[in-house]
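**Q** let me see the structure of the following:
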Amino acid sequence: MNPDEYLHMSLKKTPVVMWAQDRDLRYTWLYNPSMGLSVDQVIGRTDFDLLDPVSASELERIKQRVLTTGEPARELMRIVREGNEEFHDISLKALREADDSISGIAGLSVEVSHLIVGRTLPVASQGKNKDKKGMDGSSPSSRTLQRAELLSRETHHRVKNSLAMVAGFLRVQRQGLTNEEARNILAEAESRVRAIDAVHDHLARSPYESINLGSYLRSLCANVSGAMCGAERLSYDMAEERIGVNAEKAVHIGMILTELLTNALKYGAIDEHENSITISLRKNPGKLLVLSVADSGHGLPENFKPEESTGLGMRIITSLVRGLDGELRAEPTSQGARFVVELPMPP
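**A** Reported below is the predicted structural model:
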């Protein structure tokens with residue numbers, strides 16, 4: 001069974017929908033369609049071909065904003081099709097080409113209708129009751145915030161479970177293989193899935209705007225090293241102060257660390273029992289977040305430059321660091337190598 005089949009199996013009976021659209025907002029790829037639609041009914045069409053005009057118009061407004069600004073978006077929305085309504089927690093992100101131009105959008109949606117008490121989430125057509133008080137005296141905005149927090153936690157919990165299932169399938173498949181190259185490829189894929197899984201795990205248990213980065217990165221390292229059988233080689237040098245970042249930044253930093261740690265586990269070892277890896281996280285007085293991964297392996301090739309590397313992992317790292325307006329350095333050491341990532345932090 002290939003990874004696409006694993007993904008399809010893991011999403012089939014969940015409320016999670018994933019898709020991609022081109023710049024004309026026509027669907028080009030879809031997993032696990034909802035609202036009674038099939039993949040064949042959706043591919044090549046737009047929201048206006050599929051949904052109630054009000055729902056389609058609101059979706060297009062948000063998606064066009066992502067296409068124009070390149071900034072991700074997340075909305076709780078009421079979707080109507082042929083008289084049937086569902087409530088969805090929708091996340092959108094721009095798809096970019098190698099030259100950084102935007103070629104479309106990727107989306108993830110979780111159907112959360114069962115969590116909406118009385119189905120009173122505000123949408124474009126529901127503004128006329130905005131001043132009414134609830135039976136407990138709470139304002140509409142207060143009730144909406146409470147529902148949004150509940151929805152957020154439930155959404156992240158469900159997405160986490162789905163991603164954990166995908167990672168589990170990859171691990172089972174890897175354990176059944178004898179080809180070492182194929183096993184390594186699946187181990188790397190599992191690590192990448194678990195990097196995103198760990199973010200949703202933290203978001204299900206903490207406020208959306210503030211993830212404890214040190215705690216998140218520790219759990220992420222445990223997942224990556226577990227997948228690649230290297231947990232006993234890790235040590236940590238984490239700042240004692242709590243470093244809080246939002247979800248979007250946490251995902252990017254987590255993916256950066258996943259790739260750096262994977263490289264250290266794969267290429268930094270002279271002997272897997274002797275090589276050690278140290279992960280460091282600091283916030284310096286200049287409002288820079290400094291993340292480093294150092295190993296005591298055989299070091300870097302002469303004149304190695306991360307931005308010129310053709311390896312997939314290093315290309316992912318440089319792209320993510322650039323997207324965060326950061327800087328990546330590769331530093332040879334007396335025993336091994338160290339990669340340092342500096343990222344600007346908000347005041």
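**Q** quick check: residue 62 touching residue 93?
**A** No. If you go by CB atoms under 8 Å, residue 62 and residue 93 don't touch, sitting 11.9 Å apart. (Each C-beta comes from the backbone N, C-alpha and C, glycine too.)
**Q** let me see the ranges of the helices in the stretch 1-150 of the chain.
**A** 3-11, 39-42, 47-50, 53-69, 140-175 (DSSP state H, counting those that start in this stretch).
**Q** pLDDT weak spots in the chain?
**A** Filtered on pLDDT under 70, the chain yields the residue ranges 1-13, 115-157, 160-161, 199-200, 202-209, 226-233, 239-240, 268-275, 346-347.
**Q** and residue 256, how many neighbours does it have?
**A** By the criterion of other CB atoms under 10 Å, residue 256 has 27 neighbours.
**Q** surely it touches residue 293?
**A** No. Judged on CB under 8 Å, residue 256 makes no contact with residue 293 at a distance of 9.3 Å.
**Q** so where's the longest strand in the chain?
**A** Using DSSP state E to define each element, the chain has its longest strand at strand 84-96.
**Q** check which helices and strands that strand sits against.
**A** helix 53-69, strand 73-81, strand 102-111, helix 140-175 (3 or more CB pairs under 8 Å, 6 or more residues apart in numbering; DSSP states H and E).
**Q** in a markdown table: those, plus distance to residue 325 and mean neighbour count.
**A** Formatted as a markdown table, the helices and strands packed on strand 84-96 follow (distance: least, CB to CB, whole Å; neighbours: other CB atoms under 10 Å):
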| stretch | distance to residue 325 | mean neighbour count |
| --- | --- | --- |
| helix 53-69 | 16 | 16 |
| strand 73-81 | 20 | 18 |
| strand 102-111 | 18 | 20 |
| helix 140-175 | 26 | 17 |
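**Q** need these in CSV (columns: distance to residue 317).
**A** What follows is those, written out as CSV (distance: least, CB to CB, whole Å):
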stretch, distance to residue 317
helix 53-69, 24
strand 73-81, 25
strand 102-111, 20
helix 140-175, 21
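**Q** quick one, which of those is nearest to residue 186?
**A** Smallest distance to residue 186 across the helices and strands packed on strand 84-96 (CB to CB): 4.0 Å, for helix 140-175.
**Q** am I right that residue 59 is in contact with residue 47?
**A** Yes. Between residue 59 and residue 47 a contact is recorded at 4.8 Å, counting by CB under 8 Å.
**Q** and for residue 253, the neighbour number?
**A** Residue 253: 28 neighbours (other CB under 10 Å).
**Q** quick check, it in contact with residue 291.
**A** Yes. Counting by CB under 8 Å, residue 253 touches residue 291, with 6.8 Å between them.
**Q** can you name the residues that contact the residue lying closest to residue 188 once chain neighbours are set aside?
**A** The shortest distance from residue 188 to any non-neighbouring residue, by CB to CB, 6 or more residues apart in numbering, is to residue 262 (5.8 Å). By CB atoms under 8 Å, 6 or more residues apart in numbering, residue 262 lies in contact with 188, 191, 224, 228, 313.
**Q** mind listing which of these are in strands?
**A** Per DSSP E, the contacts of residue 262 never map to strands.
**Q** out of those, which comes closest to residue 236?
**A** For these, the nearest to residue 236 is residue 224 (13.2 Å; CB to CB).
**Q** any figure for the gap between the residue nearest to the spatial centre of the chain and residue 188?
**A** The residue lying closest to the centre of the chain (CA atoms, centre = their mean) is residue 196, at 4.4 Å. Residue 196 sits 14 Å away from residue 188, going by CB to CB, to the nearest Å.
**Q** contacts only, for residue 337.
**A** So residue 337 contacts 268, 294-295, 297, 299-300, 330-331 (CB under 8 Å, 6+ apart).
**Q** can you confirm it is in a helix?
**A** No. Counting by DSSP: H, G, I helix; E, B strand; the rest coil, residue 337 falls outside a helix, being strand.
**Q** who does it form a beta bridge with?
**A** Counting by DSSP bridges, residue 337 is bridged to residue 295, residue 332.
**Q** same check, this time on the one 5 residues further on
**A** Bridge pairing for residue 342 (DSSP bridges) gives the partners residue 290, residue 327.
**Q** on that earlier part again, which residues do residue 253 and residue 291 both contact?
**A** 217, 343.
**Q** got the contact list for the residue nearest to residue 235 when sequence neighbours are not counted?
**A** Nearest residue to residue 235 in three dimensions, chain neighbours excluded: residue 278, at 5.0 Å (CB to CB, 6+ apart). Taking CB under 8 Å, 6+ apart, we find residue 278 in contact with 234-237, 292-295.
**Q** again with residue 39
**A** 30, 33.
**Q** and it, how far from residue 198?
**A** 30 Å.
**Q** try residue 333
**A** In terms of CB to CB, residue 333 sits 28 Å off from residue 198.
**Q** higher neighbour count, the two?
**A** Taking neighbours as other CB under 10 Å, residue 333 and residue 198 compare with residue 198 leading, 28 against 13.
**Q** surely the more buried one is within a helix?
**A** Yes. Secondary structure of residue 198 (three-state DSSP): part of a helix.
**Q** list the contacts of it.
**A** Taking CB under 8 Å, 6+ apart, one finds 216, 219-220, 223, 254 in contact with residue 198.
**Q** which of those residues sit farthest apart?
**A** 216 and 223 (10.8 Å).
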